[in-house]
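1. I would like to see how this sequence folds:
(chains A and B)
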Amino acid sequence: MSKLSQPHLLGIKNITAKDIELIFETASNFKEIINRPIKKVPSLRDVTIANIFFENSTRTRLSFELAEKRLSADMINFTASNSSVKKGETLLDTVNNVLAMKVDMVVMRHSSVGAPHFLAKHIKAKIINAGDGTHEHPTQALLDAFSIHEKLGSLGGKKVAIIGDILHSRVALSNIFALQKMGAKVMVCGPPTLLPKYISTLGVTVEYDVKKALEWCDVANVLRIQLERQQIKYFPSLREYSLYYGISKNLLDSLKKKIVLMHPGPINRGVELTSDAADSHHSIILDQVENGVAVRMAVLYLLAGAAS
Amino acid sequence: MQKKLILDSDLLDITLNRLCQQLIENHDRFEETVILGLQPRGIYLAELIHQKLKKLIKAEIPFGLLDTTFHRDDFRRRDTPAKASETRVSFMIEGKKVVLIDDVLFTGRTVRAAMDAMIAFGRPAKVELLVLVDRKYNRDLPIAADYVGKYVNTIASQRVLVEMQAQGHKQNKIWLINND
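-> Got it, this is the predicted structure:
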């Protein structure tokens, strides 16, 4: 079968390991295409996609835009900050107005958890969640898992530590689902205040010492401290966080083995990662960005291709 | 379901030798020629012909695999999107003569998609098509093969099955199948 089990991509939680494998296979083919002199295929030329972003984004939006252009889709961009949302329009009204212009797919980022799930129930177009609050960010998890798969050959039995602000991270939750579905072992590491209370019920190991986490893992996926989501202080100062949880090249070199270093971006250089670690040979951060376009092309292609 | 053998292993070998000779007549030393096998099923035939040609002319010929999935014209018209295969073309085809190789020529839509997909690697000087089986009277598009292993009169409901050793079959055999 070359069809996803779901009509939308709302999260990793409700897709299967087979779906993820199909996305990986398709993404490999698209990766070859985006490395050609002519990086474009005509597959989606009769498909119109609206990128609706109620929250800031650089990488994800550019990556989706590029993926859509490489597939020859028509696309429109919508950012909430300069729209009628400011005048009090509801989410459903906004999206229905966009859809009245004959849009086939919606890529949406929203600060509220479950916003894309709500839309999927009420509108006809196919929906891709580009991040909903602190809940899920499925395409980021897919590209992270794809990058590990590409670097290490497979995910089965691999140990992945997700380090940093797990509490506010949608990347962490989607990554945990994706990695576990593909057979990897997952550890989360961070200060106790930035780890959700019941995180161990997801079957992940919890570690508070970053050195121990790095010694354990094959891959470290380091997350950003999301100051914009923190209403209260979760740790005394950035300086102290960096001292206890920051990863430097010296720390990586002191390990007994070579690990792969990942970061979904944007990096706060000098906080969770020092510059020499982020730019070291351990890092596959820029490969993640390249793979992001290929993985998003695969998701768009597979969702658009299924008959509605 | 009735099966009728169109080509057995010996006949296929004779046919492939003839096709190679015809290619050599037109391409001489293959200095400006590249071969592209069409995914997913044309690549086994293309590989066989490529090996035979290399032996006959004692020279290397650029060889690639071309996938047409993302250039097909039936996207969103099928229940499931077609599954993609690998494209492996490590050279440019700008100014070259391209020989496209597929197992069966039926509606001609795959060949159209292949010509579209190929252009990503440059503008070829000439494009030719080689097929093992040409199913006559079934073309949807004005496309014809330059080299044909065997012409077969078929109706749309019939199917041509190509079994190749490289795909794990015991012998190379080409069947005509009646789906009734």
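
2. CA only for contacts and neighbour counts going forward, please
-> Fine.

3. Please enumerate the helices of chain B.
-> B:9-27, B:42-57, B:109-118 (DSSP state H).

4. Model confidence score at the residue in the stretch 101-250 of chain A positioned nearest to chain B, please.
-> Relative to chain B, the nearest point of the stretch 101-250 of chain A is A:Asp104 (11.6 Å; Cα to the nearest Cα). The model reports A:Asp104 with a pLDDT of 92.

5. circling back: now mean neighbour count and distance to A:Ser174 too, for the helices of chain B, in a markdown table please.
-> Output for the helices of chain B, formatted as a markdown table (neighbours: other Cα atoms under 10 Å in any protein chain shown; distance: least, Cα to Cα, whole Å):
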| stretch | mean neighbour count | distance to A:Ser174 |
| --- | --- | --- |
| helix B:9-27 | 15 | 52 |
| helix B:42-57 | 18 | 38 |
| helix B:109-118 | 20 | 35 |
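
6. on that earlier part again, next, the contact list for the residue of the stretch 101-250 of chain A closest to chain B, please.
-> If you count contacts by Cα atoms under 8 Å, 6 or more residues apart in numbering or on different chains, A:Asp104 has them with A:Val47, A:Thr48, A:Ile49, A:Ala125, A:Lys126.

7. interface residues of chain B facing chain A?
-> Within reach of chain A by Cα under 8 Å from any Cα of the partner chain, chain B has these residues: B:70-72, B:75-87, B:117, B:120-121.

8. Just the buried ones from those?
-> Neighbour-count burial (16 or more other Cα atoms under 10 Å in any protein chain shown) applied to these gives B:70-72, B:75-76, B:80-82, B:84-87, B:117, B:120-121.

9. Helices along chain A, start to end?
-> So, for chain A - with DSSP H - the helices run A:17-34, A:59-70, A:91-99, A:115-122, A:138-152, A:170-181, A:210-216, A:238-245, A:249-253, A:275-278, A:285-305.

10. Would you show me how to pick out the buried ones of the contacts of A:Asp104 in ChimeraX?
-> With 16+ other Cα under 10 Å as the criterion, this ChimeraX line picks the buried residues out of the contacts of A:Asp104:
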select /A:47,48,49,125,126
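
11. buried set for the helix or strand of chain A with the lowest mean pLDDT?
-> None of the helices or strands of chain A scores lower by mean pLDDT, DSSP states H and E than helix A:91-99, at a mean of 85. Going by neighbour count (16+ other Cα under 10 Å), the buried part of helix A:91-99 is A:Thr94, A:Val95, A:Asn96, A:Val98, A:Leu99.

12. Spatially central residue for chain B, please.
-> Centrality entry for chain B: nearest residue to the mean C-alpha point is B:Asp102, 1.0 Å, by Cα atoms, centre = their mean.

13. Test my guess that that one contacts B:Leu38.
-> Yes - under the criterion of Cα atoms under 8 Å, B:Asp102 makes contact with B:Leu38 at 5.5 Å.

14. list residues touching both of those two?
-> Common neighbours of B:Asp102 and B:Leu38, counting by Cα under 8 Å, 6+ apart, are B:Ala46.

15. could you point out the longest strand in chain B?
-> strand B:126-136 (DSSP state E).

16. which bits of the stretch 151-300 of chain A sit near chain B?
-> Of all the residues in the stretch 151-300 of chain A, not one is in contact range of chain B (Cα under 8 Å from any Cα).

17. What's the nearest residue in the stretch 151-300 of chain A when you look at chain B?
-> For the stretch 151-300 of chain A, Cα to the nearest Cα, closest residue to chain B: A:Ala298, 10.3 Å.

18. Number of residues surrounding that residue?
-> Residues lying near A:Ala298 (other Cα atoms under 10 Å in any protein chain shown) number 24.

19. Contacts only, for it.
-> Residues in contact with A:Ala298 (Cα under 8 Å, 6+ apart) are A:Ile23, A:Phe24, A:Thr26, A:Ala27, A:Phe30.

20. let's see it at 10 Å
-> A:Ala298 makes contact with A:22-31, A:67, A:71, A:292, A:304 under the criterion Cα atoms under 10 Å, 6 or more residues apart in numbering or on different chains.

21. Flag the shaky bits of the stretch 51-200 of chain A, pLDDT-wise.
-> Along the stretch 51-200 of chain A, segments meeting pLDDT under 70 span A:82-85.

22. how does it look with 80?
-> Filtered on pLDDT under 80, the stretch 51-200 of chain A yields the residue ranges A:80-88.

23. so how far is stretch B:3-15 from its chain's centroid?
-> Centroid separation for stretch B:3-15 versus its chain: 16 Å, with Cα atoms, centre = their mean, to the nearest Å.

24. Endpoint to endpoint, it covers what distance?
-> Using Cα to Cα, to the nearest Å, the end-to-end distance of stretch B:3-15 comes to 21 Å.

25. same check, this time on stretch B:37-44
-> One end of stretch B:37-44 sits 8 Å from the other (Cα to Cα).

26. residues in contact with residue 10?
-> No chain in the question, so chain A it is. Listed by Cα under 10 Å, 6+ apart, the contact set of A:Leu10 reads A:108, A:114-117, A:120, A:126-132, A:136-139.

27. actually chain B
-> Applying Cα under 10 Å, 6+ apart, one finds that B:Asp10 lies in contact with B:Leu16, B:Gln171, B:Asn172, B:Lys173.

28. Go ahead and confirm A:Leu300 touches A:Ala67.
-> Yes - contact criterion Cα atoms under 10 Å: A:Leu300 and A:Ala67 qualify, at 8.1 Å.

29. who touches both of these two?
-> Common contacts of A:Leu300 and A:Ala67 (Cα under 10 Å, 6+ apart): A:Ala73, A:Ala294.
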